[in-house]
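> From the sequence below, what's the structure:
(chains A and B)
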Amino acid sequence: AQSVTQLGSHVSVSEGALVLLRCNYSSSVPPYLFWYVQYPNQGLQLLLKYTTGATLVKGINGFEAEFKKSETSFHLTKPSAHMSDAAEYFCAVSGQGYQKVTFGTGTKLQVIP
Amino acid sequence: DTAVSQTPKYLVTQMGNDKSIKCEQNLGHDTMYWYKQDSKKFLKIMFSYNNKELIINETVPNRFSPKSPDKAHLNLHINSLELGDSAVYFCASSELGNEQYFGPGTRLTVT
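Sure, this is the predicted structure:
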């Protein structure tokens, strides 16, 4: 069994400020973890993923996430927000081998000029 | 070239009608999915096919029937449409266990 909790359905940051989107997961097997971004009226696009190895994962558009097993967390960060980062962000978990991917409920990021 | 494509992009229809949504991927992936995204952006898996074999079938009304004629295609047929079926439907594909690539979505509106 697996689940994902995204804390905060809406997050607002000022342009240039740190972006922090929180994700906690639950998984009965070693997890694969993903962050996806969805821009308005578009499909989801992969930002980054963790499978095995290095726990700090870098993705596209300057985003990164750190897998912390002890905290069962996979928070998404970006040092400096840009207006173009405004979108919906989804954290997701699956298991090694094949298990279905379970998505969190999403966090809408608003960037204030 | 579009990696995962869906047709149509918009679908407006009346209650009781039957409609289909088509999905094609040109990534050579072996697994395809259908998701439903409601008005609150909640994303729910409906079905998944691996090499044309159904491997995930969530609690979805029997009115929804997926069909995979080959690895590159996964269609969704919906019978007797209801108001609650209004949503955005996303197709996705992946290599089994890896990240998924999503189509642009089909916005279904049932009136």
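> just for chain B, where's the confidence low?
Applying pLDDT under 70 to chain B flags the ranges B:1.
> give me that answer again for 80
For chain B, the stretches with pLDDT under 80 are B:1-2, B:96-97.
> what residues does it put near chain A?
Residues of chain B lying close to chain A by Cβ under 8 Å from any Cβ of the partner chain are B:4, B:40-43, B:45, B:48, B:50, B:55-56, B:90, B:92, B:96-97, B:99-105. To be clear about C-beta, it is placed using only N, CA and C from the backbone, and glycine gets the same treatment.
> gap between the residue positioned nearest the centre of chain B and chain A?
With distances taken as Cα atoms, centre = their mean, residue B:34 lies nearest the centre of chain B, 3.4 Å away. Per Cβ to the nearest Cβ, to the nearest Å, residue B:34 is found 12 Å from chain A.
> Residue B:91 is in contact with that residue, correct?
Yes: the pair residue B:34 / residue B:91 is scored as a contact, 6.0 Å apart, by Cβ atoms under 8 Å.
> related to what we said a few turns ago, kindly confirm my reading that the residue nearest to the centre of chain B forms part of a helix.
No: per DSSP: H, G, I helix; E, B strand; the rest coil, residue B:34 lies outside any helix segment and is strand.
> Skipping its backbone neighbours, what lies nearest the closest residue to chain A within chain B in space?
Nearest residue of chain B to chain A (Cβ to the nearest Cβ) works out as residue B:102 at 3.5 Å. In space, residue B:102 comes closest to residue A:43 once its chain neighbours are excluded; the distance is 3.5 Å by Cβ to Cβ, 6 or more residues apart in numbering or on different chains.
> And residue B:27, by the same measure?
Spatial nearest neighbour of residue B:27, excluding adjacent residues (Cβ to Cβ, 6+ apart): residue B:3 at 5.2 Å.
> Give me the phi and psi for the one you found.
Main-chain torsions, residue B:3, degrees, to the nearest 10: phi -70, psi -50.
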